[in-house]
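1. Quick one, what's the 3D model for this:
(2 chains)
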Amino acid sequence: MAQPPEFKKDLLAAIPNLRAFAVSLTQSADRADDLVQETLVKAWDKQDSFQAGTNLKGWLFTILRNEFYSRMRKKGREIQDSEGAMTERMAIHPNQHGALDLDDFRKALATLPEDQREAIILVGASGFSYEEAADICGCAVGTIKSRVSRARVRLQALLSISSEEDFGPDAISTQVISSGPA
Amino acid sequence: MSDNKAKTLATEQPSGKVRRDAASNLDIGFKLKQYYDSILTEEVPDRFAQLLGELEQAEKKTEGN
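-> Take a look at the predicted model:
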C-alpha cells in the first residue's frame, strides 16, 4: 500500500529524538546510528501496522528499544550490573562544588542499569508520560515509576558524594583556587 | 542560558546539606535535559535521509509494476 508522503516526513522529523534515545541506551554514537538506521528500516517495513493519528514517536521508540535489546541478547551481553557494585566503583568529583559537569553526568548515567537509564531518559528527557514509557518498555506503570525513582536516587548518590565530607583533596584545592578572583 | 542559573544555584549555597541536596536534585533533572538536548541538537547524518529516499524509491518501483 502506498504510504502518504507524510510518513517519510514524520520519520525524518523523529530522527533527532531517536538518536538521542539511542545514544542514551548504547552510550556510543556509532552504535546509536546503526540502531537508528535499523529502526528506520523496520519502521518503513512495518508502516502499515502503524495507525495514523496515534503516537508515532512512541511507536518508533518501541521499535528502537526492541532492536536494542535483541542486539544485546544476540551478543550475549549482560544487561544488568548489580546495583551496589557499580556505585562503589564510581566516584565522581565535580569540577566545582556542586556544579555538575555534563561529562560527569554522562559518566554517572552510563553506570545505571539499562532499565533504569531508559526509564529516566524516557520520562525525564524524551517527554513521555509514565504511562507511555510503560507502553514502550512493555511493563507496568508502577515499574517505570520505581525505576525512575531508583535512577534518581542513584544519580544523586553518584553525583553528590563529593559535595559531602567525601570531598577529594583535588576537588577542595580546585574549589579554593577557583573561588578567588582570577 | 539557563545553565548559568543552575550553576549559580549550586555554587552560591556551598553550606547547608538540605540546600545542597535541593540544588543537586534540580541539577539532575536539568543535566538530564541538557545531556539529551546536546544530542538532539547534533547535526543528523545524511545517511538517514538517503536511506529513507532509497526505501521510498524501492517501494515506488515495486508498486509501479
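2. Can you show me the helices along chain A?
-> A:5-26, A:29-45, A:56-75, A:83-89, A:102-110, A:114-124, A:130-137, A:141-160, A:169-179 (DSSP state H).
3. of all these, which lies closest to B:I39?
-> Among the helices of chain A, the nearest to B:I39 by CB to CB is helix A:5-26 (4.1 Å). Glycine gets a C-beta too; all of them are placed from N, C-alpha and C.
4. So which elements touch that closest one?
-> Using 3 or more CB pairs under 8 Å, 6 or more residues apart in numbering or on different chains; DSSP states H and E, the elements in contact with helix A:5-26 are helix A:29-45, helix A:56-75, helix A:114-124, helix B:17-40, helix B:46-64.
5. most neighbours per residue, which of those?
-> Sort these by mean neighbour count, taking mean count of other CB atoms under 10 Å in any protein chain shown, and helix A:114-124 sits at the top with a mean of 23.
6. Make CSV out of the helices and strands packed on helix A:5-26 and add mean pLDDT and distance to A:I144.
-> Output for those, formatted as CSV (pLDDT from 0 to 100; distance: least, CB to CB, whole Å):
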stretch, mean pLDDT, distance to A:I144
helix A:29-45, 96, 21
helix A:56-75, 94, 13
helix A:114-124, 97, 5
helix B:17-40, 78, 15
helix B:46-64, 89, 29
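7. Of these, which is nearest A:C139?
-> helix A:114-124 (8.5 Å).
8. Direction-wise, compare that closest one with helix A:56-75 and give the angle.
-> Computed by axes from the mean of the first three to the mean of the last three CA atoms, to 10 degrees, the angle separating helix A:114-124 from helix A:56-75 equals 170 degrees.
9. Whether helix A:114-124 contacts chain B - can you check?
-> Yes: part of helix A:114-124 sits near chain B under the criterion CB under 8 Å from any CB of the partner chain, namely A:120-121, A:124.
10. hmm, back to that, of all the helices of chain A, which lies closest to B:L40?
-> Among the helices of chain A, helix A:5-26 sits nearest to B:L40 (CB to CB), with 4.8 Å.
11. Mind listing what's buried along that closest one?
-> A:7-8, A:10-11, A:14-26 (16 or more other CB atoms under 10 Å in any protein chain shown).
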